[in-house]
Each structure stands twice: as structure tokens, then as C-alpha cells.
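> sequence isn't available, so here's the structure alone:
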């Protein structure tokens, strides 16, 4: 059974940094894409960052470009999201997700980790 467990959330002041981790276990085959999403209170879930696990190509939402970096350590089966220059509008629950077959279907989800940025 595949399990994704996020960690690294917390409360920071605007301009601060956090690094989120997503530890994966139970894979037979690594998902084609891994994603970070976030959901702020009262808003819809939005994608933040994507990485193709084979090759490491990345894509970031415009709202976080230049501030966030997605990366992976395949030996540790761990996904990361480095978040710098955080803003209050980055406050949300952050989730990692896996797409097994590059299908656009999110087969695996973590439980989420809260990030709170205060001004």
C-alpha cells in the first residue's frame, strides 16, 4: 500500500523559508509525476509544483516561480518543496500527490501539512 507522508510545515514570518518533505513508501514503481498542491481556507486546491520523476524536469505555478523549488531524492523516495521569501498568501495546507502513469490522474495523496505565514 502506497503511503505519502508530508512534514516540515509550520509558522513563519513573511520573508522566511520552509522546506517541506514528502516521504513515500510502498511503491512497486515510482509514479511518473509527483506534485505539490495547496489549499487555503475557503479556497479550492491549486497545484504549486510538478516534477517528472524520471529525469527531474520541473514546472512551477506562476505564483511561486522564483521563490519555490521542487526536488526529489529518489534514493530516499522523498520529494521536497523548498519555499523561500514566503508571503502571507502562501498560507495553506500543502499536499504531495503522485500520478502513476502521467495520466493527469492523482493516484496517491498525502495527509497534508499546514504552512502559516504571518506579516
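Ah, there it is. Source: prediction; values computed, not measured. Numbering: from 1, shown residues only.
> let me see the ranges of the strands in this structure.
Assigned by DSSP state E, the chain shows strands spanning 3-7, 10-13, 18-25, 33-39, 46-52, 58-60, 68-73, 78-83, 92-99, 108-109, 113-118.
> turn those into CSV, including mean neighbour count and mean pLDDT.
Just so you know, the C-beta spots here come from the backbone N, C-alpha and C atoms, and that holds for glycine as well. What follows is these, written out as CSV (neighbours: other C-beta atoms under 10 Å; pLDDT from 0 to 100):
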stretch, mean neighbour count, mean pLDDT
strand 3-7, 17, 96
strand 10-13, 13, 98
strand 18-25, 19, 97
strand 33-39, 21, 97
strand 46-52, 19, 97
strand 58-60, 15, 97
strand 68-73, 17, 97
strand 78-83, 22, 98
strand 92-99, 22, 97
strand 108-109, 18, 95
strand 113-118, 17, 98
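> hang on, residue 1 packs against residue 26?
Yes - counting by C-beta atoms under 8 Å, residue 26 is a contact partner of residue 1 at 5.1 Å.
> those two: which has the busier surroundings?
residue 26 (10 against 5; other C-beta atoms under 10 Å).
> next, count neighbours for the nearest residue to that one once chain neighbours are set aside.
Leaving aside its chain neighbours, residue 26 sits nearest to residue 2 (4.3 Å; criterion: C-beta to C-beta, 6 or more residues apart in numbering). By other C-beta under 10 Å, 14 other residues sit near residue 2.
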